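J.: The following block contains a protein sequence and its predicted model.
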Amino acid sequence: MDLVEAVIPQPSDAERLAALRAAMTRMNSVGLTGVGDAGVGAKIIASYKRLADQGKLSVRVYAMIGDTGEDFGALFKDGPLLGYGNDRLTVRSVKLFADGALVAEELRCWLPIQTSLISTVCCSCRTPRCNTRSKPR
């Protein structure tokens, strides 16, 4: 993954701000007032802060730092960021990544789950398209 990411051009500050503004416009158009943004870095958080400072952060953002690398150390050196910009931005958690995937055959749940666009598996009896609503074994 690092090999691919190394050759992808990073967006400029202006491009990043434009993308966030477009996303907020879309969120506002469908009535969203808050969003969780998992796995962001220092540049995205700086962009959120800039919009908040300008009074242009039109949704509440609960941002989670992506992993515990350099950005984590820099952003949390003074502790979590709570209610920044008139309670529009909070940064107080970390999105950790692990290898693997959620597979229906390896979990127990209360309701059937959709494992793909065409397949639903019942977690109680593990049969396709079962309507059982029983508790896990």
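T.: That came through, no problem. Please read these numbers as outputs of a predicted model, since none were measured by experiment.

J.: Spatially central residue for the protein, please.
T.: A38 (2.7 Å; C-alpha atoms, centre = their mean).

J.: State whether it is indeed within a strand.
T.: Yes. Counting by DSSP: H, G, I helix; E, B strand; the rest coil, A38 is located in a strand.

J.: who's it bridged to?
T.: When assigned by DSSP bridges, A38 has beta-bridge partners M64.

J.: can you dump the C-alpha coordinates of whichever helix in the chain runs longest into PDB?
T.: Longest helix in the chain by number of residues, with DSSP state H as the criterion: helix 13-29. Output in PDB follows, covering the C-alpha atoms of helix 13-29 (Å, rounded to 0.1, in the frame of the first residue of the first chain):
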ATOM      1  CA  ASP A  13      -4.900  23.000   1.000                       C
ATOM      2  CA  ALA A  14      -7.300  24.700  -1.400                       C
ATOM      3  CA  GLU A  15      -8.400  21.400  -2.900                       C
ATOM      4  CA  ARG A  16      -8.900  19.800   0.500                       C
ATOM      5  CA  LEU A  17     -11.000  22.800   1.600                       C
ATOM      6  CA  ALA A  18     -13.000  22.700  -1.600                       C
ATOM      7  CA  ALA A  19     -13.700  19.000  -1.100                       C
ATOM      8  CA  LEU A  20     -14.800  19.500   2.500                       C
ATOM      9  CA  ARG A  21     -17.100  22.400   1.500                       C
ATOM     10  CA  ALA A  22     -18.600  20.200  -1.300                       C
ATOM     11  CA  ALA A  23     -19.200  17.400   1.200                       C
ATOM     12  CA  MET A  24     -20.800  19.800   3.700                       C
ATOM     13  CA  THR A  25     -23.100  21.200   1.000                       C
ATOM     14  CA  ARG A  26     -24.200  17.600   0.200                       C
ATOM     15  CA  MET A  27     -24.700  16.700   3.900                       C
ATOM     16  CA  ASN A  28     -26.700  19.900   4.500                       C
ATOM     17  CA  SER A  29     -28.900  19.200   1.500                       C
END
